[in-house]
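Student: Return atomic coordinates for the entry below.
(chains A and B)
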Amino acid sequence: MISLTQAPYNKQLRIVDIQGGHGVRRRLLSLGFHKNHIIELDSRSILRGPILVRDLTSDTSVALGRGIAQKIMVEIVDE
Amino acid sequence: MRLLTNKNIFPDIIFIGQPNSGKSTLFNAIAGLKAETSNFPGTTVEHTHSKVNVEGKILNIIDLPGTYTLNPSDEAENVALTHVFVEKPDLIINVIDASILGRSLELTLELIELGYPMIVALNMMDLAEKKGIKIDTDKLARILGVPVIPTIASHGRGIKDLLYAALTVLGKMKTLAPIKWSKDVEDRILELEQMIPSDFPIVANKRFTAVKMIEAEKLLFDKMLMEINPSLKEALDNIRRALEERHNSPAYEVIAAERHHLALKIFEESSRVTRGRKIGWLERVDDVIMHPILGYFILIGVFLVFFFIIFNVGNPLEELLLGPLNSLRAYLSANLGRSLLFYLAEGLIQGIGGGVAIVLPYFIPLLFLMSLMEDIGYLARASFLMDTFMHRIGLHGNSVSPFILGFGCNVPAVVSTRILESRRDKIITSLLIPFVPCSARTTIILALIAFYLGPIWALGFYIFNIFLLGLLGRIISLFFKDPSPGLILEIPTLKIPSVKNMASKTYVRLKSFIKFAWPILIAGSVVLALLQFFHLDRYINLILSPLVEKALGLPKELGVTLVFGFLRKELSLVMMLQALGVSYQGLMSVVSQQQIVVFAIFISFFIPCLSTVAILWKEIGKGIALLSMALNTAVAFILSLLARLIIKL
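Tutor: Numbering: from 1, shown residues only, chains lettered A, B, ... in the order given. Predicted coordinates for the structure are as follows:
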């Protein structure tokens, strides 16, 4: 289990856990970040910037700040 | 049974959907040129009303801000919720982005729980088809128990069908039954339903109220319930605990998961994905725009082009329009002499002409380009790219959109801080917005600095302005202990903008300038002319002379223009010429270049204009509005003093 900030790009990732306060969890939930969802890291801006996450199930993209991304725990899906 | 009171003669139809579902585009297509739309979450922060006539029946249609769920997490969503909960609508039109059906259905399911009459507008069918998603609308309608009408709002397709369906559903007034979840969750909900006392305020129906009570965990509601009815609160906590133990996650997440799984199941049952994700040219363009290095070059390029176009469209237009106005002024001066009539006419010309010739040439292209950036979806991408830099000034990417809007006008920028979830971010952003050079101040910078000192100076002024913004952000965020919560922002798919849509948006924003600001501009100019005729401006100038003359080293006649600059910033520019009694071309005969810089700096930063102060007061609070006035005036004073000491021309 790793946090989203440590995860590799363009590899399928399964959301294992979302940590953090209930405010952040609620917001993530409403944008479709549920446990067991498969997501992919799309790109990352330079200078420790935010990351772009593509949700493969709902086919949407969400930009997450690093602080938020650290709270999303994922595991790499074996293909 | 609903009574036909005055308010409810016309049935209320609300448009509700997730951000970027094309809801406002659909609404616009129906209502004509009424509401604004964009490809950025949170543009419709205030709802828009419109009356439409369908087959002789008048419907009151209401466009609500985009919302992901019916559980409030930001203010824009609150606006939507108040409408759904308090002002019970006669019909809900749920607008869905068909290309992301799975996620969109979560809100649909929540809306069905309300039980109100409803229609689903399955929008962006063309996009779904491009993605290879085939949706069986009849089957979807059967599962959901509501009519499903396919639409393509941007091409105006399906709108007639939607309106006819609305009339049919309105005629029947059938309430909906919710689609059931897993048995154990349903059992708990029923248990709570039976415990709700008869005098408890019910929203929509008992089941919906019970579900919302469970979901309100840790929100304000819990505290209120604790005070009103502690025993019910205890029972509610027991039910939550039971759900939590069984599912191993907080009760509100259990409910969200139920909806989520149901939505995915319905998606799978009603649609077929014929081929995998095909990478089109828009996706390839997107990869470049969002590229970690190239993206920034493009961002800078976009802004340079942005301003280059505005200058190059605005400047010739301005000169073209100023010519006839100056001749008219000369003609009047020759024929009317220094009579009261001349002063009145001159005031009118300055006011009307100032609006037409100085403000509109820059304002229209700025508004149009702003709509273009929004509609394409670039605003969200700029927020993503700028997030890192925003962290340096104690904010995050979500504040980028208010700032960019601020270049157009600070007022909508302050309103758009509603998309920020934390009060801290809202306060810092709204204190900084008055330092963003809005179109009025851009006009001043261009008309004074670029025109008299050269474009390089104007560019320098801009760059300095942006650095100032950063510096102030750092300083202001020192006063807040909690860090910014961080960026969570949906990046909508890139879309090819529709010219019609952009034009209508430009028109709407322009209309508010013409209706609201222009009369003030004209009245202000006339009042100034009268003050001059009766030599009353002398007293204002006298009072302000310690500041204007002693501290800033400017001609004391400019004192009165500062007072009017508070009404509208561009007034200061128009009135500067009027107060000094010179034409635009003749300005350099009475002031030096250094004085122009000092004046431009002071006018740009001192006190936000009246409308900005008013909106700050309304949106953020009296304290922040007053603080903003003080902060701006202090910064303007210090900077113009420094400019006077440093710049030697």
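Student: who's in contact with the nearest residue to residue B:98 once chain neighbours are set aside?
Tutor: Nearest in space to residue B:98, with sequence neighbours left out and distances taken as CB to CB, 6 or more residues apart in numbering or on different chains, is residue B:128 at 3.9 Å. Where you see a C-beta, it was placed from the backbone N, CA and C, and this is true even at glycine. By CB atoms under 8 Å, 6 or more residues apart in numbering or on different chains, the residues touching residue B:128 are B:98-99, B:101, B:135.
Student: Would you tell me what the next helix or strand after the strand or helix carrying residue B:128 is?
Tutor: Taking DSSP states H and E as the criterion, residue B:128 maps to helix B:125-130. Proceeding N to C from helix B:125-130, the next assigned helix or strand is strand B:133-135, under DSSP H and E.
Student: That next one: which residues count as buried?
Tutor: Using 16 or more other CB atoms under 10 Å in any protein chain shown as the test for burial, strand B:133-135 gives B:133, B:135.
Student: Parallel or antiparallel, which strands does that strand pair with?
Tutor: Partner strands and pairing direction for strand B:133-135 (DSSP bridges) are strand B:271-273 (antiparallel).
Student: Can you pull out the residues in contact with the strand it pairs with?
Tutor: In contact with strand B:271-273 (CB under 8 Å, 6+ apart) are residues B:101, B:131-136, B:140.
Student: Nearest to residue B:615 among those residues?
Tutor: residue B:101 (37.8 Å; CB to CB).
Student: quick one: the closest one and residue B:133 touch, right?
Tutor: Yes: Residue B:101 lies in contact with residue B:133 (CB atoms under 8 Å); the separation is 6.9 Å.
Student: picking up where we left off before, most neighbours of all the contacts of residue B:128, which one?
Tutor: residue B:98 (28 neighbours; other CB atoms under 10 Å in any protein chain shown).
Student: Can you check what pLDDT the model gives that one?
Tutor: pLDDT recorded at residue B:98 is 94.
Student: cool, residue B:150 as well?
Tutor: At residue B:150, the model reports a pLDDT of 96.
Student: give the contact list for it.
Tutor: Residue B:150 sits in contact with B:98, B:122, B:125, B:135, B:137, B:158, where contact means CB under 8 Å, 6+ apart.
Student: Please repeat the previous calculation with a cut-off of 10 Å.
Tutor: Applying CB atoms under 10 Å, 6 or more residues apart in numbering or on different chains to residue B:150 gives the contacts B:98, B:120-126, B:128, B:135, B:137, B:140, B:157-158, B:161-162.
Student: So among those residues, which ones count as buried?
Tutor: For those, a neighbour count by 16+ other CB under 10 Å gives the buried set as B:98, B:120-125, B:128, B:135, B:137, B:140, B:157-158, B:162.
Student: need those in TSV with distance to residue B:497 and secondary structure, can you?
Tutor: Converted to TSV, the buried ones among the contacts of residue B:150 look like this (distance: CB to CB, whole Å; DSSP: H, G, I helix; E, B strand; the rest coil):
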residue	distance to residue B:497	secondary structure
B:98	20	helix
B:120	26	strand
B:121	21	strand
B:122	22	strand
B:123	16	strand
B:124	14	coil
B:125	19	helix
B:128	19	helix
B:135	25	strand
B:137	27	helix
B:140	29	helix
B:157	18	strand
B:158	20	coil
B:162	23	helix
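Student: Tell me which two in the residues you listed are the farthest apart.
Tutor: Of all pairs in these, the most separated under CB to CB is B:140 and B:157 at 17.9 Å.
Student: between residue B:101 and residue B:133, what contacts are shared?
Tutor: A:59, B:267, B:271.
Student: Most neighbours among the residues you listed, please name it.
Tutor: Counting by other CB under 10 Å, top hit in those: residue B:267 with 21 neighbours.
Student: wait, doesn't residue B:252 sit right on residue A:26?
Tutor: Yes: assessed by CB atoms under 10 Å, residue B:252 is found in contact with residue A:26 at 7.1 Å.
Student: what touches both of these two?
Tutor: Residues touching both residue B:252 and residue A:26 (CB under 10 Å, 6+ apart) are B:71, B:215, B:217-219.
Student: So of those, which two are at opposite extremes in space?
Tutor: B:71 and B:218 (11.5 Å).
Student: The two: which is more packed in?
Tutor: The residue with more neighbours, out of residue B:71 and residue B:218, is residue B:71; 19 against 13, by other CB under 10 Å.
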